[in-house]
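Asker: Quick one: sequence and predicted model below, then my questions.
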Amino acid sequence: MKKTSADVLPAVGGQGNEPLLAVDNLHVEFHTRAGVVRAVNGVSYTVAPGETLAVLGESGSGKSVTAQAIMGILDMPPAVIPKGEIRFKGTDLLKLSEHDRTHVRGQRIAMIFQDALSALNPVFTVGWQISEMFRVHRGMSKSEAMKKAVELMDRVRIPAAKQRVHDYPHQFSGGMRQRIMIAMSIALDPEVLIADEPTTALDVTVQAQIMELLAELQRESQMGLILITHDLGVVADVADKIAVMYAGRIVENAPVYDIYKAPAHPYTKGLLDSIPRVDQKGHELYAIKGLPPNLLDLPTGCAFHPRCPLRQENCVTDAPPLYEISGTRGSACHYWREVLDGERR
Amino acid sequence: MSNPTPPVGPGLPETQTMVSDTVTAPAPERQGRHAKKSGKPASLWTDAWYDLRRRPTFIISMIIIVVLLVMSIWPSLFTSIDPFNARSCDLATARQGPSAGHVFGRDNLGCDLYARTVYGARNSIVIGVLTTVLTTVIGGLLGIIAGYRSGIVDTVASRITEIFFAIPSILGALLIAATFRGQYNSILLVIIALSVLGWPMVYRIMRAAVITAKSQDFVVAAKALGAGSGRIMFRHLLPNSLASVIVVGTINLGNFIAAEAALSFLGVGVQSPDISWGLMIADARNRFLEAPLPLVIPAVFLSITVLAFIMLGDAVRDALDPKLR
């Protein structure tokens, strides 16, 4: 009998009131020829069962790298994790052997990718790929596994699953492919699902369907969902809490309602202000000035200071810690009070 | 390129396989190409086979190859003359033109040319096939490991390969075959000489294909969903890199048959009294202007064989690539 994930990690519970997944002060660097790229600089967040955490940020903010570090799919080298912990039910995944981590991947923590066409193997039918999960990890026979694959395809609402199970990935439309990717990732009932921009490659109506599907699956199985996105519209409906990332750090975290009502960081405020609104028709759309920082050479002090409209002298020299605003809320801005007040004006 | 349409249910065009994203949309009753054995997964190979059977290049090359294979296994089916029997040759009739019972005439020693050509197929095919299998296994295995592991493993394997690559293959094979000549079976020696110098080509193709495939999302996704190294290498990387290796393999097969002919022509390959096409060409060259047939006939057989394998390689490549369908 093969070693199962239960041998590696406790099946349920974990230690005391440990959250399901906790990322703690994670640092990730890439050692490249041009120098050290500090992609993640002390990120911490937690996910509870049944909870949806949205990780928000622009390209290069480190949100995907954090997710890849959780999955253990970073190429090391060039990637290095000099500091930090990733605790799954109290066990630090970074301390597990590569062999043990293979048992965590897919079975306890699974991931879906942005572009489902390239994330599916082009030479095998989708049924083969979904059923492979059962054959490899559950030791099922071919026909049994195929039956389960059809069930799963039904569960992610693929019409005529029984016939389509023999089709190749390229024969499906974008939305259907993402459903197949989701089916593969939930095949082994993972406790945490990481969705890395699952709807970015899809058109708007399909985006809504996929988000709805993810929310439904989450309700059924009570898994923790980490939703990585740069789309504020996607986040509002499904997320419980939001972590906003900038230059490899979390600049604000808060329950979703609070952040939309009144952001406590100038960067979050800038993001919210740059959403087009009907009542602004005819006005110029707001945009955050400047460019994202060069990760090879981060600005001193607060990484956002070169673009910040509220910049003061100490922003250039002192890096702000993540100030606690309330029990569930934090902001990495020296002037979070002013940002909050400005919003309530 | 002709893309044969799979049998589709009555009145259902192939375009209907794209189901719309609307969940409530009625699903078209699709009769897949494997509808008759529903419930059974259609593997890459079943689909490729389905596709191949409809390709004229595949059918033609396969007919030629099957005939050649039968010829090399049971040559007596094609001719009643046994060329290994000295009594079937008659020096008095040397270089005689085609006549009844001797369709291609006789060679320099008065032996029946047709019978010798038929019996020569075996050595050419055996050498071609075994050398291809050997080089593909060695080069492919090393290539997939070097490509997947990268780093020091890749560096070492690649430098070793380059050393072998630097040796001109006919010259190297000539050296190996000449050095060990007489110590081993001459056919085995040709296979080894060609394999030792032939695998780096396959290695390079495989390694490049694996490196390309490795960076694709589906390999990362497979890893993220819990696949181990072995599974990633042989389930995800190998099938996606195989197409180019198969093409190179079949082209190589033709080249190896030609290389065998060259070695035999130079006198270090297959030795008399064994028969091979290369040897026959070598024997006939002195009297080519007087009697062209003893050279032309084995040369034509050689060309057709090489062509058939290259055509097969082409067809298989197209069939194995699902995106081309």
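Answerer: All right, it came through fine.

Asker: From chain A, how far off is residue B:109?
Answerer: Separation of residue B:109 from chain A (C-beta to the nearest C-beta, to the nearest Å) stands at 53 Å. (Each C-beta comes from the backbone N, C-alpha and C, glycine too.)

Asker: and that residue, what does it touch?
Answerer: B:89, B:91, B:94 (C-beta atoms under 8 Å, 6 or more residues apart in numbering or on different chains).

Asker: Need the three-state assignment for it.
Answerer: Counting by DSSP: H, G, I helix; E, B strand; the rest coil, the backbone at residue B:109 sits in coil.

Asker: Among the contacts of residue B:109, which one has the most neighbours?
Answerer: residue B:89 (20 neighbours; other C-beta atoms under 10 Å in any protein chain shown).

Asker: can I assume it is in contact with residue B:108?
Answerer: No: with contacts counted by C-beta atoms under 8 Å, residue B:89 stays clear of residue B:108, the gap being 10.0 Å.

Asker: Look at the residue in the stretch 201-345 of chain A positioned nearest to chain B and tell me its secondary structure.
Answerer: Minimum separation of the stretch 201-345 of chain A from chain B (C-beta to the nearest C-beta) falls at residue A:206, amounting to 5.1 Å. What three-state DSSP gives for residue A:206 is helix.

Asker: close to chain A, is the one helix or strand residue B:152 maps to?
Answerer: In this structure, residue B:152 sits in helix B:151-166 according to DSSP states H and E. No: judged by C-beta under 8 Å from any C-beta of the partner chain, helix B:151-166 stays clear of chain A, getting no closer than 8.6 Å.

Asker: quick one, the helix or strand following that helix and helix B:151-166 angle?
Answerer: The first helix or strand that comes after helix B:151-166 along the chain, using DSSP H and E, is helix B:169-179. On the basis of axes from the mean of the first three to the mean of the last three C-alpha atoms, to 10 degrees, helix B:169-179 is oriented at 80 degrees to helix B:151-166.

Asker: by contact count, what packs against helix B:169-179?
Answerer: Packing partners of helix B:169-179 (3 or more C-beta pairs under 8 Å, 6 or more residues apart in numbering or on different chains; DSSP states H and E): helix B:186-214, helix B:238-265.

Asker: And the first one, how far out from the chain middle?
Answerer: Averaged C-alpha coordinates place helix B:186-214 at 13 Å from its chain's average position (C-alpha atoms, centre = their mean, to the nearest Å).

Asker: which secondary structure elements does the helix or strand harbouring residue B:117 contact?
Answerer: Secondary structure assigned from DSSP H and E places residue B:117 in helix B:113-149. If contacts are counted by 3+ C-beta pairs under 8 Å, 6+ apart, helix B:113-149 sits against helix B:56-73, helix B:151-166, helix B:186-214, helix B:238-265, helix B:277-284, helix B:293-320.

Asker: Looking at that helix now, give me its mean pLDDT.
Answerer: What helix B:113-149 shows for mean pLDDT is 88.

Asker: Centre of the chain to that helix, how far?
Answerer: Taking C-alpha atoms, centre = their mean, one finds helix B:113-149 lying 7 Å from the centre of the chain it belongs to.

Asker: Let me know the angle separating that helix from helix B:56-73.
Answerer: 120 degrees.

Asker: In helix B:113-149, which residues are buried?
Answerer: Neighbour-count burial for helix B:113-149, counted by 16 or more other C-beta atoms under 10 Å in any protein chain shown, picks out B:113-132, B:134-136, B:138-148.

Asker: Which phi and psi values does the spatially most central residue of chain A adopt?
Answerer: With distances taken as C-alpha atoms, centre = their mean, residue A:228 lies nearest the centre of chain A, 3.3 Å away. Here is the backbone geometry of residue A:228 (degrees, to the nearest 10): phi -100, psi 130.

Asker: who's in contact with it?
Answerer: A:54-55, A:63-64, A:67, A:194-197 are the contacts of residue A:228 under C-beta under 8 Å, 6+ apart.

Asker: List buried residues within those residues.
Answerer: Neighbour counting with 16+ other C-beta under 10 Å marks A:54-55, A:63-64, A:67, A:194-197 as buried within the contacts of residue A:228.

Asker: Please identify the nearest residue in space to the residue of the stretch 201-345 of chain A closest to chain B, excluding sequence neighbours.
Answerer: residue A:175 (3.8 Å; C-beta to C-beta, 6 or more residues apart in numbering or on different chains).

Asker: didn't the one you found look like it was pressed against residue A:201?
Answerer: No: assessed by C-beta under 8 Å, residue A:175 is found out of contact with residue A:201, at 9.7 Å.

Asker: tally of neighbours for the residue of the stretch 101-250 of chain A found nearest chain B?
Answerer: Closest to chain B within the stretch 101-250 of chain A is residue A:106: 2.8 Å, counting by C-beta to the nearest C-beta. For residue A:106, the neighbour count with other C-beta under 10 Å is 26.

Asker: Then residue A:18?
Answerer: 15.

Asker: would it count as being in a strand?
Answerer: No: under three-state DSSP, residue A:18 sits outside any strand and is assigned coil.

Asker: Let me know the pLDDT of the residue lying farthest from the centre of chain A.
Answerer: Most distant residue from the mean C-alpha position of chain A: residue A:282, 34.8 Å away (C-alpha atoms, centre = their mean). pLDDT recorded at residue A:282 is 76.

Asker: Name the SS class of the residue of chain B found nearest chain A, please.
Answerer: For chain B and chain A, the shortest gap (C-beta to the nearest C-beta) falls at residue B:226, measuring 2.8 Å. Secondary structure state of residue B:226, per three-state DSSP, is coil.

Asker: which ones are touching the spatially closest residue to it that is not a sequence neighbour?
Answerer: The shortest distance from residue B:226 to any non-neighbouring residue, by C-beta to C-beta, 6+ apart, is to residue A:106 (2.8 Å). Residues in contact with residue A:106 (C-beta under 8 Å, 6+ apart) are A:133, A:137, A:185, A:187-188, A:190, B:224-227.

Asker: quick one: which of those residues is nearest to residue A:237?
Answerer: Among the contacts of residue A:106, residue A:185 lies closest to residue A:237 (C-beta to C-beta), at 20.7 Å.

Asker: nearest residue to that closest one other than its sequence neighbours?
Answerer: residue A:110 (4.0 Å).

Asker: Any idea how many residues pack against the one you found?
Answerer: Neighbourhood size, residue A:110 [other C-beta under 10 Å]: 28.

Asker: Same check on residue B:106?
Answerer: Residues contacting residue B:106 under the criterion other C-beta under 10 Å number 27.

Asker: Then residue B:231?
Answerer: By the criterion of other C-beta under 10 Å, residue B:231 has 16 neighbours.

Asker: Kindly report the same for residue A:280.
Answerer: Other residues within reach of residue A:280, judged by other C-beta under 10 Å, total 12.

Asker: Over to residue A:237?
Answerer: Look at residue A:237: counted by other C-beta under 10 Å, it has 12 neighbours.

Asker: Please apply the same query to residue A:329.
Answerer: With other C-beta under 10 Å as criterion, residue A:329 counts 18.

Asker: chain center to stretch B:278-290: distance?
Answerer: Between the centre of stretch B:278-290 and the centre of its chain there are 27 Å (C-alpha atoms, centre = their mean).

Asker: Enumerate the residues of the stretch 151-300 of chain A near chain B.
Answerer: With C-beta under 8 Å from any C-beta as the criterion, the stretch 151-300 of chain A comes near chain B at residues A:157-160, A:162-168, A:170-176, A:181, A:184-185, A:188, A:205-206, A:209.
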